[in-house]
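Q: coordinates only, sequence not included:
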């Protein structure tokens, strides 16, 4: 999996849980949402967008620094080499049996 997909998914999860948990504490503002958004909607939206971009960039940076960014490529390379018959013979046999539908 590519690191930008991981960071986008984690950012969406964090933002969603924040809105879900934080929304319950903002019920007292329900009658005032229209004037608040009319006056402060654009700056709040920009700040929220910058916060999302910052969190995504931080997750992407951590993934790059820890080597998770290349993990999918390395796993794919290892899987292709095993399927060619190089490497672990037991794993090669298990993959062959799985492809043939032989599940014992």
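A: Happy to help now that I have it. Model, not experiment: these values are computed from the prediction.
Q: now the helices: where do they sit in this structure?
A: With helices called from DSSP state H, the chain shows them at 3-23, 33-66, 71-83, 89-100.
Q: I'd like those as JSON lines, with mean neighbour count appended.
A: Where C-beta positions appear, they are placed from N, C-alpha and C, glycine not excepted. Output for those, formatted as JSON lines (neighbours: other C-beta atoms under 10 Å):
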{"stretch": "helix 3-23", "mean neighbour count": "13"}
{"stretch": "helix 33-66", "mean neighbour count": "12"}
{"stretch": "helix 71-83", "mean neighbour count": "12"}
{"stretch": "helix 89-100", "mean neighbour count": "11"}
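Q: okay if I get these as JSON lines plus mean pLDDT?
A: Formatted as JSON lines, those follow (pLDDT from 0 to 100):
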{"stretch": "helix 3-23", "mean pLDDT": "82"}
{"stretch": "helix 33-66", "mean pLDDT": "88"}
{"stretch": "helix 71-83", "mean pLDDT": "77"}
{"stretch": "helix 89-100", "mean pLDDT": "78"}
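Q: how much space between residue 24 and residue 30?
A: Distance, residue 24 to residue 30, by C-beta to C-beta, to the nearest Å: 12 Å.
Q: again with residue 68
A: 41 Å.
Q: Comparing those two, which shows the higher neighbour count?
A: Per other C-beta atoms under 10 Å, whichever of residue 68 and residue 30 has more neighbours is residue 68, with 15 against 7.
Q: and that one, what pLDDT?
A: With respect to pLDDT, residue 68 has a value of 73.
Q: wait, what's in contact with it?
A: Residues in contact with residue 68 (C-beta atoms under 8 Å, 6 or more residues apart in numbering) are 3, 6, 62.
Q: Isn't the second one up against residue 56?
A: No. No contact is recorded between residue 6 and residue 56 when judged using C-beta atoms under 8 Å, the distance being 9.7 Å.
Q: rewinding a little: take the contacts of residue 68 and lay them out in a markdown table including distance to residue 34.
A: Listed next are those as a markdown table, based on distance: C-beta to C-beta, whole Å:
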| residue | distance to residue 34 |
| --- | --- |
| 3 | 40 |
| 6 | 37 |
| 62 | 39 |
